[in-house]
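Engineer: give the three-dimensional model of this entry:
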Amino acid sequence: MFVFNKDCKVTDCEPGVTRKVLTYSDELMMCEVTFEKGAKGNFHSHKHLQITYIAEGEFDFTIDGETKTVSKGDSVYIPSNSVHGVTCLKAGALVDVFNPKREDFI
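Structural biologist: A predicted model of the protein is given here:
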């Protein structure tokens, strides 16, 4: 029922990007993804619904060819199978929520 950030495993992703799986069930997963300035979350797609909350920093976020700049306090909805990626403009962190859980993350 309770997950403490200090106890979560850090996984290296792309250069300058790390991820922590914070908590999950079969239907829902929440992750914290940290970015150094200039780091990229490479373009990809997946079957999962995704909502991303910008906890800190500033990012160029692209979904299906449309790019918007988002910053602390903003959020993004990514439909299933949408091609998306991100470039970090100011070091920060994203909180990603997936439905269902990302089996490939655990």
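
Engineer: can you tell me the SS state at the nearest residue to Lys40 once chain neighbours are set aside?
Structural biologist: Spatial nearest neighbour of Lys40, chain neighbours left out: Thr87 (5.1 Å); criterion: CB to CB, 6 or more residues apart in numbering. From N, CA and C alone the C-beta is placed, and that goes for glycine too. Using DSSP: H, G, I helix; E, B strand; the rest coil, the structure places Thr87 in strand.

Engineer: how many neighbouring residues does Thr87 have?
Structural biologist: By other CB atoms under 10 Å, the residues close to Thr87 number 17.

Engineer: buried stuff in stretch 17-25?
Structural biologist: For stretch 17-25, the neighbour count (16 or more other CB atoms under 10 Å) marks 17-22, 24 as buried.

Engineer: give me the pLDDT value at the residue nearest to Lys40.
Structural biologist: pLDDT recorded at Thr87 is 98.

Engineer: same check on Met1?
Structural biologist: On the pLDDT scale, Met1 is placed at 87.

Engineer: what sits against it?
Structural biologist: Residues in contact with Met1, defined by CB atoms under 8 Å, 6 or more residues apart in numbering, are absent; none qualify.

Engineer: relative to Lys47, how far out is it?
Structural biologist: According to CB to CB, to the nearest Å, Met1 and Lys47 sit 28 Å apart.
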